[in-house]
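Undergrad: just the structure for this:
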Amino acid sequence: MPSVRHHQVVIIGAGSAGISVAARLRRSGQRDVTVIDPASRHYYQPLWTLVGGGRASMGESVRPQTSVMPGGVRWIRQTVMAVDPEAREVMLDHGGVVSYGHLVVCPGIQLNWGRVPGLAEGLGQDGLSSNYLARTAPLTWRFIRDLRAGSAVFSMPTGAIKCAGAPQKIAYLAADHWRRTGRLGKIDIHLVLPGPAVFGVPEFASVLEEVVRRYGINVHYGSEVSEVCSDAKEVIVTDLASGTRSSLAYDMAHLVPPQSAPDWVRRSGLAAADDPAGYVDIDKHTMRHVKFPEIWALGDAGSSPNSKTGAAVRKQAPVVVENLLAALNGRAPTASYQGYASCPLTTARDKVLLAEFDYSGRPAPSIPVIDTMRERRDMWHLKRRGLPFLYWNLMLRGLA
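TA: Below you'll find the model as predicted:
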């Protein structure tokens with residue numbers, strides 16, 4: 001029988017959600033906080049779009065995990081294989097078992113490259129890349145920079161993904177680069193989107209529609225890339241309403257894989273039975289599991305119907321901590337997350353449309369006086385410098 005270690009609060013995942021919650025718990029005086037994650041590096045992934053667009057270096061996005069782990073937190077550097085919510089135990093890859101008083105589940109999202117035939121095999125070669133991997137984000141910029149003429153394809157998959165604006169942000173960065181270098185008229189740009197509009201909030205969609213017109217981008221609404229034929233340098237695009245398949249040639253392509261919660265979440269019974277993506281089944285306001293009151297979730301692996309962004313995590317973490325502390329003290333949770341998310345959409349190499357919204361599906365601006373309903377250069381500086389500073393120096397320390 002494997003040995004069992006018990007901890008009052010166990011956090012699965014040392015990404016932005018896990019580290020933020022751990023830091024806030026420590027600041028609140030909690031002594032027995034354990035984080036489980038095997039990763040030795042911590043990434044600020046929102047910067048990867050700028051890496052792929054040639055506006056930032058990969059080195060700026062990464063730091064040693066030890067440098068962001070809060071003091072006094074026990075760090076178990078292993079991989080979670082399963083959770084037994086009835087026994088309140090977490091099973092690890094080396095055979096160990098950790099029991100918990102309360103469990104915070106925030107392992108991030110799973111990138112399902114294999115669900116698009118040919119994507120994994122061709123990735124990183126002959127113009128095909130994705131900003132969703134650290135090793136291929138720099139290649140995106142190389143392929144954009146090297147393209148002189150031809151066809152460029154950018155795609156977004158169906159279902160929830162982390163940073164849903166990222167698939168089109170890189171299209172605009174690339175188009176603006178080609179415009180500035182006099183190549184835009186020689187490149188046929190395609191943007192494949194699964195929804196009926198370029199963005200889910202109409203006020204921001206109207207701005208982005210003008211951006212699309214400005215660059216002459218061909219948008220394939222209600223469609224997704226369903227197969228990659230890298231030898232022929234073409235993708236198969238499926239119309240989601242009719243099922244019709246058509247081929248689209250590319251000289252450069254940026255593709256994004258379908259995404260879901262990690263497989264072990266569904267196997268552990270933490271997801272709703274009717275959720276094919278397997279996200280942790282939580283109350284969208286309290287972030288508490290609907291069936292197991294000692295389990296909480298936030299970030300990309302939670303079922304709350306917000307956009308999966310770092311800004312959402314920043315608003316969720318205080319709610320989870322406040323409600324968890326209340327539960328530890330025998331009180332009902334009263335803190336409520338209202339679905340806030342923010343997507344700083346890079347519409348040019350020096351402009352950003354700061355899209356902020358909540359569960360209502362309406363704009364939810366957080367910066368007084370400034371009109372964020374249009375493209376702005378000052379929001380570019382916020383995206384490029386301000387938000388990374390906030391992340392490394394305040395958010396991960398439980399201060400913002």
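
Undergrad: show me the strands in the stretch 1-150 of the chain, by range?
TA: 4-12, 33-36, 41-43, 62-64, 74-76, 80-84, 89-92, 97-105, 110-111, 128-129, 150-155 (DSSP state E, counting those that start in this stretch).

Undergrad: which of those sits most buried?
TA: strand 128-129 (a mean of 26; mean count of other CB atoms under 10 Å). Where C-beta positions appear, they are placed from N, C-alpha and C, glycine not excepted.

Undergrad: which residues are contacting that strand?
TA: With CB atoms under 8 Å, 6 or more residues apart in numbering as the test, strand 128-129 has contacts from 52, 122-123, 136-137, 139-140, 143, 228, 230, 250, 252-255.

Undergrad: where is the longest helix in this protein?
TA: helix 310-328 (DSSP state H).

Undergrad: now do the next helix or strand after it: which elements does it pack against?
TA: Downstream of helix 310-328, the next assigned helix or strand under DSSP states H and E is strand 341-348. Packing partners of strand 341-348 (3 or more CB pairs under 8 Å, 6 or more residues apart in numbering; DSSP states H and E): helix 166-180, helix 202-215, helix 310-328, strand 351-357.

Undergrad: if we go to 6 Å?
TA: helix 166-180, helix 310-328, strand 351-357 (3 or more CB pairs under 6 Å, 6 or more residues apart in numbering; DSSP states H and E).

Undergrad: so residue 278, which state does it fall into?
TA: coil (DSSP: H, G, I helix; E, B strand; the rest coil).

Undergrad: now do the same contact list for it.
TA: For residue 278, the contacting residues are 260, 261, 265, 266, 271, by CB atoms under 6 Å, 6 or more residues apart in numbering.

Undergrad: so what's the nearest residue to residue 311 once chain neighbours are set aside bridging to?
TA: Excluding its sequence neighbours, the residue lying closest to residue 311 (CB to CB, 6 or more residues apart in numbering) is residue 342, at 3.5 Å. On the basis of DSSP bridges, residue 342 is bridged to residue 356.

Undergrad: would you check that residue 342 makes contact with residue 356?
TA: Yes: in this structure, residue 342 is within contact of residue 356 by CB atoms under 6 Å, at 4.7 Å.

Undergrad: what residues does the longest helix of the chain touch?
TA: 16-17, 20-21, 24-25, 28, 46, 102, 286-287, 296, 298-299, 306, 333, 335, 337, 340-342, 395.

Undergrad: PyMOL command for the buried members of those residues?
TA: Here is the PyMOL command that selects the buried residues among the contacts of helix 310-328 (16 or more other CB atoms under 10 Å):
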select buried, resi 16+17+20+21+24+25+46+102+286+287+296+298+299+306+333+335+337+340+341+342+395
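
Undergrad: coming back round to it: next, the angle strand 4-12 makes with the longest helix of the chain.
TA: 140 degrees (axes from the mean of the first three to the mean of the last three CA atoms, to 10 degrees).

Undergrad: and helix 310-328, how far from the chain's centre?
TA: Helix 310-328 has its C-alpha centroid displaced from the chain centroid by 18 Å (CA atoms, centre = their mean, to the nearest Å).

Undergrad: do the same with stretch 229-241
TA: Distance, stretch centre to chain centre, for stretch 229-241: 24 Å (CA atoms, centre = their mean).

Undergrad: buried ones in that stretch?
TA: Buried positions in stretch 229-241, judged by neighbour count with 16+ other CB under 10 Å: 230, 233, 234, 235, 236, 237, 238.

Undergrad: what about that stretch, start to end distance?
TA: Length of stretch 229-241, first residue to last, CA to CA, to the nearest Å: 23 Å.

Undergrad: cool, stretch 130-143 as well?
TA: End-to-end distance of stretch 130-143 (CA to CA): 11 Å.

Undergrad: distance-wise, check the residue nearest to the spatial centre of the chain relative to residue 189.
TA: Closest residue to the average C-alpha location of the chain: residue 162 at 2.4 Å, with CA atoms, centre = their mean. Counting by CB to CB, to the nearest Å, the gap from residue 162 to residue 189 is 24 Å.

Undergrad: just residue 293 next, same as before
TA: Taking CB to CB, one finds residue 293 at 50 Å from residue 189.

Undergrad: which one of these two has more residues nearby?
TA: Ranked by neighbour count (other CB atoms under 10 Å), residue 293 and residue 189 place residue 189 first, with 21 against 12.

Undergrad: which strand residues bridge that one?
TA: residue 152.

Undergrad: so what's it up against?
TA: 152, 175, 217.

Undergrad: mind pulling up the pLDDT for the closest residue to the last one other than its chain neighbours?
TA: In space, residue 217 comes closest to residue 189 once its chain neighbours are excluded; the distance is 4.6 Å by CB to CB, 6+ apart. Looking at residue 189, its pLDDT stands at 98.

Undergrad: okay, residue 189 and residue 252: tell me how far apart.
TA: 10 Å.

Undergrad: so what sits against both of the two?
TA: residue 152.

Undergrad: tell me if residue 253 really is in a strand.
TA: Yes: Residue 253 sits within a strand when classified using three-state DSSP.
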